[in-house]
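Visitor: here is a sequence with its predicted model. Questions after.
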Amino acid sequence: MFSDLSAQKEGSSLLCRPASDDQGPVFERMSLAYSPCSERYRIGDRSFSRQYAHIYAARLMQMRPLLSERAQQKWGSDVLIRKLCDLQTGEQCCIVGTLFKRMDLQPSILKEISEEHNLLPQPARAKYISETDELILEDELQRIKLEGKIDRDKCVTGSIVAIYGAERNDGKFTVEDFCTADLPLQTARPALSSDRFVLLASGLGLGSTHADSMLGLQLLVDMVTGQLGDQGEQSGAATISRVLLAGNLLSQSTQDKDASTKAKYLTKKTQAGSVEAIRLLDELLLQLVASVPVDVMPGQYDPTNYTLPQQPLHRCMFPLSSVYPTLQLASNPYQANFDGVRFLGTSGQNVSDIQKYSSMDSHLEILEETLRLRHLAPTAPDTLGCYPFYQKDPFIFEECPHVYFSGNAPTFESKLIKGADGQEVLLVTVPDFSSTQTACLVNLRTLEYTVAFAMGFPC
Amino acid sequence: MTTKHRLITDSFKVVKKAKRGGRREKRPTSPPPQKEAETETVREEELQKLRQFDLDWRFGPCTGITRLQRWERAKLHGLNPPEEIRYLLLQTHTDPDYKLSLWSEYPL
């Protein structure tokens, strides 16, 4: 992937005679100033005695002023912003609230346990949207059904929007226009003097049943640590200043629940699949951290808590690599500054959940939509597991990131979007490495991306 | 349909709560009632204020968190909760009648 770079340098190809007998040049790895800012995703004392009403209330409290401001920008400063309880029939006004999509196909534990009705078990679906879905807007006190110019299938439960229109006689609200909170303000990106790369990879899928996937992974590790290619390639690899592993380091198959369904005497001697996989991961990380700083985010199938925000994997699982200070075990949403470039991203649960509950299919499109909604995971806590926060909703963007990514996407996609206030955000969907053999490099200087193919053939 | 005639109380036993009011009524009777009755009305007034605060929908739901936590959340989001409530809560933070919300005795 650095071959075009190395092609320019004369005489450093593998096809020519070694330059001299001694060891050859040493390429110093570029270092960068790193400051983690993921404290907001750390959970201190864990209390699960609260209901989820708090997170919706806090979300609305935080977002209402932002949306009122946006509404005034869009529909004029004299626009009437009403609470639902003050709504007059036929009056043109703006309402702010939380969207709720009532969905017939949404899996529900109540439906599942109502055996008296002799219902068939609900089939797993790729999408849960249907023609009978209804959009409802809720504020602190009441709710109202929405109709009109709003794309029902695209919206998801939990997003806060401002809606312009009027209430009709039958009690439904006719939507004429709507707006979202849009991109928050961004601090300017510092001008960097040289190219520095951050490698993003996700879905390593260790412990899966097909063992051949390890070759691609080993090639990737060798490439990053500078053990592949000619000198040009190696000097290119030295510009990779950081590696970010965005979740699903372990494969889904390590999660089989055989032990809980089979008889005890059958599974007595078997070991959980994840034990071996973690040991493999530790060895892999050891090779990486000896050479480059690595951030490890947990994902859906990794051994940490299931609900967002996922807490960092525990150090004791990595006896070999955790002795290196270059190993950073991070939380799942992840946020950090690399040389003043702000990275924010998740392992992809938020995106794939929205994919199931809306008509949007492209991970990139969903990623952009969440940024426009100014909320990382609007479907939490409805269909996505989430810690019951009460004071603040930590998934609301307070500052606009420069790079916004999500892991475990089916393909690599990327796009630079520009906001109304001069924000520039690089959206990246990091592909699942085990199925695509693809990782991506982000250039911190230019916010351009390169795709790094570790292997050229599919497996 | 074997479960037709079962009641919800078969699975979930009726739990009788010790009444808050009952305990408070008992207390003034044991010590000399004169002075206690006065502090009792003050206390009742204060608790009434706090209950009013609980029922103010602008500050969000009140179950599962302490009154002070709710007050602080409202403050954080610029909703101007009354200072008097915070003062009252800080003074009496050990007493569960003051600390916890109106619905704290109901199981979630």
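Guide: Yep, that arrived.
Visitor: what ranges do the strands span in chain B?
Guide: Counting by DSSP state E, chain B forms no strands at all.
Visitor: around chain A, pick out the residues from it.
Guide: Applying C-beta under 8 Å from any C-beta of the partner chain, we find that chain B lies next to chain A at B:1, B:3, B:57-58, B:60-61, B:63-65, B:69, B:72-74, B:76-79, B:108. Where you see a C-beta, it was placed from the backbone N, CA and C, and this is true even at glycine.
Visitor: how about 7 Å then?
Guide: Neighbours of chain A within chain B, by C-beta under 7 Å from any C-beta of the partner chain: B:1, B:57, B:60-61, B:63-65, B:69, B:73, B:76-77, B:79, B:108.
Visitor: closest to residue A:165 among those residues?
Guide: Minimum distance to residue A:165 across the residues of chain B next to chain A is 24.3 Å, recorded for residue B:57 (C-beta to C-beta).
Visitor: in helices only, show me the residues of chain B next to chain A.
Guide: Those of the residues of chain B next to chain A mapping onto helices are B:69, B:73, B:76, per DSSP state H.
Visitor: return the member of the residues you listed nearest to chain A.
Guide: The nearest member of these to chain A, counting by C-beta to the nearest C-beta, is residue B:73 at 4.8 Å.
Visitor: report how many residues lie close to the closest one.
Guide: When neighbours are counted by other C-beta atoms under 10 Å in any protein chain shown, residue B:73 registers 21.
Visitor: let me see the contact set for it.
Guide: Counting by C-beta atoms under 7 Å, 6 or more residues apart in numbering or on different chains, residue B:73 touches A:58, A:390-391, B:60.
Visitor: for the stretch 51-200 of chain A, which segments count as helices?
Guide: Ranges of helices within the stretch 51-200 of chain A are A:53-75, A:109-113, based on DSSP state H, counting those that start in this stretch.
Visitor: the ones in helices among the residues of chain B next to chain A into CSV, with extra columns for distance to residue A:415 and pLDDT?
Guide: Shown next, in CSV, are these (distance: C-beta to C-beta, whole Å; pLDDT from 0 to 100):
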residue, distance to residue A:415, pLDDT
B:69, 41, 87
B:73, 37, 90
B:76, 35, 89
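Visitor: now render those as JSON lines, adding distance to residue A:172.
Guide: Conversion of those to JSON lines gives the following (distance: C-beta to C-beta, whole Å):
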{"residue": "B:69", "distance to residue A:172": "37"}
{"residue": "B:73", "distance to residue A:172": "33"}
{"residue": "B:76", "distance to residue A:172": "35"}
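Visitor: looking at the helices of the stretch 51-200 of chain A, which is nearest to chain B?
Guide: Smallest distance to chain B across these (C-beta to the nearest C-beta): 3.6 Å, for helix A:53-75.
Visitor: for the closest one, which outside residues touch it?
Guide: A:79, A:81, A:94, A:96, A:98, A:140, A:160, A:162, A:164, A:179, A:181-182, A:381, A:386, A:388-393, A:396, B:60-61, B:65, B:73, B:77, B:79.
Visitor: turn the buried ones among these into a named PyMOL selection, would you?
Guide: Filtering these down to the buried ones (16 or more other C-beta atoms under 10 Å in any protein chain shown) takes a single PyMOL command:
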select buried, (chain A and resi 79+81+94+96+98+140+160+162+164+179+181+182+381+386+388+389+390+391+392+393+396) or (chain B and resi 60+61+65+73+77)
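Visitor: so which of the contacts of helix A:53-75 are in strands?
Guide: Reading strands off the contacts of helix A:53-75 with DSSP E, I get A:81, A:94, A:96, A:98, A:160, A:162, A:164, A:179.
Visitor: and the two most separated of those?
Guide: Across these, the longest distance by C-beta to C-beta is 16.8 Å; it joins A:98 and A:164.
Visitor: what's the burial count for residue 66?
Guide: With no chain named, the answer covers chain A. Per other C-beta under 10 Å, the neighbour tally for residue A:66 reads 18.
Visitor: wrong chain, I was asking about chain B
Guide: With other C-beta under 10 Å as criterion, residue B:66 counts 17.
Visitor: from memory it sits against residue B:99, does it?
Guide: Yes: using C-beta atoms under 7 Å, residue B:66 is in contact with residue B:99, at 5.3 Å.
Visitor: so where is chain A shaky, pLDDT-wise?
Guide: Chain A contains residues with pLDDT under 70 at A:1-24, A:112, A:114-123, A:209-213, A:256-260, A:264, A:266-271, A:453-459.
Visitor: can you list the domain ranges for chain A.
Guide: Here the domain assignment for chain A is A:30-45+A:186-256+A:270-454, A:52-107+A:128-179, based on the TED database.
Visitor: deepest-packed of the ones you listed, please.
Guide: Among the domains of chain A, domain A:30-45+A:186-256+A:270-454 has the highest mean neighbour count (mean count of other C-beta atoms under 10 Å in any protein chain shown), at a mean of 20.
Visitor: that one close to chain B?
Guide: Yes: contact between domain A:30-45+A:186-256+A:270-454 and chain B, assessed by C-beta under 7 Å from any C-beta, occurs at A:390-391.
Visitor: from chain B, how far off is the residue nearest to residue A:240 when sequence neighbours are not counted?
Guide: Once flanking residues are discounted, residue A:240 sits nearest to residue A:197: 4.7 Å by C-beta to C-beta, 6 or more residues apart in numbering or on different chains. The gap separating residue A:197 from chain B is 39 Å, by C-beta to the nearest C-beta, to the nearest Å.
Visitor: for residue A:242, see how far away residue A:197 is.
Guide: Using C-beta to C-beta, to the nearest Å, residue A:197 is found at 8 Å from residue A:242.
Visitor: go on, residue B:41?
Guide: 66 Å.
Visitor: what do you get for residue A:143?
Guide: According to C-beta to C-beta, residue A:143 and residue A:242 sit 46 Å apart.
Visitor: repeat for residue A:374
Guide: In this view, residue A:374 and residue A:242 are 27 Å apart by C-beta to C-beta.
Visitor: and residue A:127, by the same measure?
Guide: 36 Å.
Visitor: list the contacts of residue A:199.
Guide: A:224, A:240, A:243-244, A:439, A:441, A:452.
Visitor: export these to JSON lines and tack on secondary structure and distance to residue A:326?
Guide: Shown next, in JSON lines, are the contacts of residue A:199 (DSSP: H, G, I helix; E, B strand; the rest coil; distance: C-beta to C-beta, whole Å):
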{"residue": "A:224", "secondary structure": "helix", "distance to residue A:326": "12"}
{"residue": "A:240", "secondary structure": "strand", "distance to residue A:326": "13"}
{"residue": "A:243", "secondary structure": "strand", "distance to residue A:326": "10"}
{"residue": "A:244", "secondary structure": "strand", "distance to residue A:326": "13"}
{"residue": "A:439", "secondary structure": "strand", "distance to residue A:326": "18"}
{"residue": "A:441", "secondary structure": "strand", "distance to residue A:326": "18"}
{"residue": "A:452", "secondary structure": "strand", "distance to residue A:326": "20"}
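Visitor: what packs against the longest helix along chain B?
Guide: In chain B, taking DSSP H as the definition, the longest helix is helix B:33-54. The contact analysis (3 or more C-beta pairs under 7 Å, 6 or more residues apart in numbering or on different chains; DSSP states H and E) places helix B:33-54 against helix B:20-29, helix B:83-91.
Visitor: would you single out the least confident of these?
Guide: Among the helices and strands packed on helix B:33-54, helix B:20-29 carries the lowest mean pLDDT, at a mean of 48.
Visitor: counting contacts, what elements does the strand or helix carrying residue A:352 pack onto?
Guide: If you go by DSSP states H and E, residue A:352 is part of helix A:349-357. Applying 3+ C-beta pairs under 7 Å, 6+ apart, we find helix A:349-357 packed against helix A:363-373.
Visitor: tilt between the helix it packs on and helix A:349-357?
Guide: Angle of helix A:363-373 versus helix A:349-357, following axes from the mean of the first three to the mean of the last three C-alpha atoms, to 10 degrees, is 100 degrees.
Visitor: so residue A:35 sits against residue A:337, correct?
Guide: Yes: with contact defined as C-beta under 7 Å, residue A:35 and residue A:337 form a contacting pair (4.7 Å).
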